[in-house]
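**Q** Sharing a model prediction with you, sequence too.
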Amino acid sequence: MREVVTTPRFDKRLVSFAKRHPEFKELVRKLMSDIALGESKTHVLHGVMRGSRAARISQQYRLVFVLESDAVIFIDIGSHDEVY
């Protein structure tokens, strides 16, 4: 399992996201764990976000992160338009 690291921006946005969408709280927690274990479907981002990956929380919401050999760094969470 990779080490889970979050950025200050991610921490702030996660708190805000959880307040607005409490129905996704457990799903986000499980998704973050699955990503750290390498067991979640994700996709590579291109353009300005090259080097990052995203996972789908729902049709509208995404979790953006960077994979390193020993860590997963979560950098953003929110709607498709907010994170891209």
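**A** Thanks, I have the structure now. Numbers count the residues shown, from 1 in each chain.

**Q** Check what contacts the lengthiest strand in the chain and list those residues.
**A** Longest among the strand segments of the chain by residue count, using DSSP state E, is strand 71-79. Defining contact as C-beta atoms under 8 Å, 6 or more residues apart in numbering, one finds that strand 71-79 is touched by 2-7, 9-10, 13-14, 17, 28, 32, 35-36, 52, 57, 60-66, 82-83. All C-beta spots, glycine's among them, are computed from the backbone N, C-alpha and C.

**Q** Sheet partners, orientation included, of that strand?
**A** As defined by DSSP bridges, the strand partners of strand 71-79 come to strand 3-6 (parallel), strand 61-67 (antiparallel).

**Q** I'd like the next helix or strand past that strand.
**A** Following strand 71-79 in sequence order, the next helix or strand is helix 80-83 (DSSP states H and E).

**Q** Show me what counts as buried in that next one.
**A** Going by neighbour count (16 or more other C-beta atoms under 10 Å), the buried part of helix 80-83 is V83.

**Q** residues in contact with the residue most central in space within the chain?
**A** In the chain, the C-alpha nearest the mean C-alpha coordinate belongs to L63, at 2.6 Å (C-alpha atoms, centre = their mean). Residues counted as contacts of L63 (C-beta under 8 Å, 6+ apart) are 28, 31-32, 35, 54-57, 74, 76-77.

**Q** what's the closest non-adjacent residue to it?
**A** Among residues not flanking L63 along the chain, A55 sits closest, at 4.7 Å (C-beta to C-beta, 6 or more residues apart in numbering).

**Q** If you count contacts, what does the helix or strand harbouring the one you found end up packed against?
**A** Element membership for A55, per DSSP H and E: strand 53-56. In this structure, strand 53-56 makes packing contacts with strand 43-44, strand 61-67, judged by 3 or more C-beta pairs under 8 Å, 6 or more residues apart in numbering; DSSP states H and E.
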